[in-house]
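Q: okay, predicted coordinates and the sequence, questions at the end:
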Amino acid sequence: MYIAALILSVLLAFVALAAGAPKLVLKGPSGQLQSHMGLSPGLVRFIGVTEVLAAVGLIVGLFWRPLGIAAAVGFAALLIGAVAFHTRAGDYSDAKLRTQAMTPAVLFLVSAATAVILALTMSPIWR
């Protein structure tokens, strides 16, 4: 079970870091968040900070599981917000944007699974 937690945590941390770092410096696709979604630069940076912190929490959480669980749950909450913004922008009804808009929904499922598996690894039964 620990191997599954390790793999999911590292993959999710990599994705969170890759998504959050450009938002911190407002480079790359963060301009799309500002123009298409109507987000302010400050909110985009805040999202980037939370994504980077989630990545750090997931990696540190491999050694101290409560932090990893909290990071996975927090990242899942952020992704629910992303799904809501994509829904509000109408991205799920646009064939060109649907694939890109599905990314937060899939990552939400991965994040929820990571939180559950990390929690299970704390139980003596699953160690």
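A: Looks like it came in fine.
Q: next, count neighbours for Leu8.
A: The number of residues packed around Leu8, counting by other C-beta atoms under 10 Å, is 21. From N, CA and C alone the C-beta is placed, and that goes for glycine too.
Q: and it, what pLDDT?
A: At Leu8 the predicted local distance difference test score is 93.
Q: sec struct for the nearest residue to Gln100 once chain neighbours are set aside, please.
A: Using C-beta to C-beta, 6 or more residues apart in numbering and skipping residues adjacent in sequence, the residue nearest Gln100 is Asp91, 7.2 Å away. At Asp91 the chain is in coil, as set by DSSP: H, G, I helix; E, B strand; the rest coil.
Q: Asp91 and Ala21, how far apart?
A: With distances taken as C-beta to C-beta, to the nearest Å, Asp91 is found 23 Å from Ala21.
Q: rewinding a little: quick one: contacts for the residue nearest to Gln100?
A: Shown in contact with Asp91 (C-beta atoms under 8 Å, 6 or more residues apart in numbering): Leu97, Arg98, Gln100, Ala101.
Q: of the residues you listed - the most surrounded one?
A: The residue in the contacts of Asp91 with the most neighbours, by other C-beta under 10 Å, is Ala101 (20 neighbours).
Q: now it, what are its backbone angles?
A: Comment: the main-chain dihedrals of Ala101 come out as phi -70, psi -20, following degrees, to the nearest 10.
Q: quick check: pLDDT value at the nearest residue to it once chain neighbours are set aside.
A: Here the nearest residue to Ala101 in space, its sequence neighbours aside, is Asp91; by C-beta to C-beta, 6+ apart that works out to 3.7 Å. Reading off the confidence values, Asp91 has pLDDT 77.
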